[in-house]
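S.K.: Please find the sequence and the predicted model below.
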Amino acid sequence: QLVESGGGSVQAGGSLRLSCEASGYSLSRFCMGWFRQAPGKEREAIAAIDTDDRVSYADSVKGRFTISRDNAKMTLYLQMTSLNPGDTAMYYCAADIRSGSITFTTMQPHYWGQGTQVTVSS
């Protein structure tokens, strides 16, 4: 089970940190990622961290968002800075049970969280 938290409403230029707590398994065994879905748009992958802690990002968030995890706390994070209205979306964490070199473009999620809403106002 994956449970996200940390979403909310912020003004443009602000920051938020999303958390995704896992229960029932160790995060270090899986590739983990963050996806988002804006109203009227398809869900898109934006960041991933694989089992060797290699990270990858979509161009839209590169340099502004940072994915990390604390295996001891069984928690995945997404630090988001310089937020803009285009970042408004429901954010989901996901787990891909495969190991090895996996990027945000090659993730095939097997487990999803319920999502947390991020709203950025101008």
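M.R.: Received it, and whenever you're ready, just let me know what you need.
S.K.: alpha carbons only for contacts and neighbour counts from here, please
M.R.: Noted.
S.K.: end to end, how far does stretch 104-113 reach?
M.R.: Start to finish, the residues bounding stretch 104-113 are 16 Å apart (Cα to Cα, to the nearest Å).
S.K.: Same check on stretch 95-102?
M.R.: 11 Å.
S.K.: in it, what's buried?
M.R.: 95-98, 102 (16 or more other Cα atoms under 10 Å).
S.K.: Strands along the protein, start to end?
M.R.: 2-5, 8-11, 16-22, 31-37, 44-49, 55-57, 65-70, 75-80, 89-96, 111-112, 116-121 (DSSP state E).
S.K.: Present those as CSV; the columns should include mean pLDDT.
M.R.: Output for these, formatted as CSV (pLDDT from 0 to 100):
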stretch, mean pLDDT
strand 2-5, 96
strand 8-11, 98
strand 16-22, 97
strand 31-37, 97
strand 44-49, 98
strand 55-57, 98
strand 65-70, 97
strand 75-80, 97
strand 89-96, 97
strand 111-112, 95
strand 116-121, 98
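S.K.: about what we covered before: output the buried residues of stretch 95-102 in TSV, with distance to residue 53 appended to each entry.
M.R.: As requested, the buried residues of stretch 95-102 are exported to TSV (distance: Cα to Cα, whole Å):
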residue	distance to residue 53
95	14
96	14
97	14
98	14
102	10
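S.K.: Just want the most central residue of this protein.
M.R.: residue 34 (2.3 Å; Cα atoms, centre = their mean).
S.K.: Spatially nearest residue to that one, not counting backbone neighbours?
M.R.: In space, and not counting its chain neighbours, residue 34 is closest to residue 93: 4.5 Å by Cα to Cα, 6 or more residues apart in numbering.
S.K.: what comes up buried for stretch 81-93?
M.R.: 81, 83-84, 87-93.
S.K.: For residue 48, state which of those residues is nearest.
M.R.: residue 93 (9.5 Å; Cα to Cα).
S.K.: Enumerate every residue touching the closest one.
M.R.: 2, 4, 20, 32-35, 112-113, 115 (Cα atoms under 8 Å, 6 or more residues apart in numbering).
S.K.: Verify the contact between residue 55 and residue 69 for me.
M.R.: No: contact criterion Cα atoms under 8 Å: residue 55 and residue 69 do not qualify, at 10.8 Å.
S.K.: All set now, cheers.
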